[in-house]
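Q: fold the following.
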Amino acid sequence: MVVGICSIQLIMFENHSLKEKRHLIKSIIEKIKHRYNVSIAEVGEHEKWQRSEIGIACVSNDKKHVDGVLQKIISYIDQDGRFDMEISQYEIF
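A: Residues are numbered from 1 along each chain as shown. Presented below is the predicted three-dimensional model:
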């Protein structure tokens, strides 16, 4: 069994409230969850309206598959345009 985890810091400059942030984060989490079949959740920066931290986990029997899925998710978020992002953790076990 191979497990990949990734933690991403998101910065949202166009948000003006926690309500806007929660709507945006909920939207991107649901899209990623359904598109890539991974576990994903907001794991930090809950009370900051321009920042968020999301955690992603992927399990497979193939290391290349796990790495590929996580890389596709990172590219998807990066191409979204509503976020600046920084990968704070990326590990495959």
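
Q: neighbours around V69, how many?
A: 19 (other CB atoms under 10 Å). All C-beta spots, glycine's among them, are computed from the backbone N, C-alpha and C.

Q: over to the one 5 residues further on?
A: Taking other CB under 10 Å as the neighbour definition, I74 ends up with a count of 16.

Q: again, but for D78
A: Around D78 there are 13 residues (other CB under 10 Å).

Q: how about the spatially closest residue to it that is not a sequence neighbour, what does it touch?
A: Nearest in space to D78, with sequence neighbours left out and distances taken as CB to CB, 6 or more residues apart in numbering, is M85 at 6.2 Å. Residues in contact with M85 (CB atoms under 8 Å, 6 or more residues apart in numbering) are I8, Q9, L10, I11, I74, I77, D78.

Q: distance check, the fourth one against G4.
A: Taking CB to CB, to the nearest Å as the measure, I11 and G4 are separated by 23 Å.

Q: where does F83 land on pLDDT?
A: Looking at F83, its pLDDT is 89.

Q: ignore the last one, Q71
A: In this prediction Q71 is given a pLDDT of 98.

Q: distance check, the nearest residue to F13 once chain neighbours are set aside against I32.
A: Closest residue to F13 apart from its sequence neighbours, by CB to CB, 6+ apart: Q50 at 6.6 Å. Q50 sits 20 Å away from I32, going by CB to CB.
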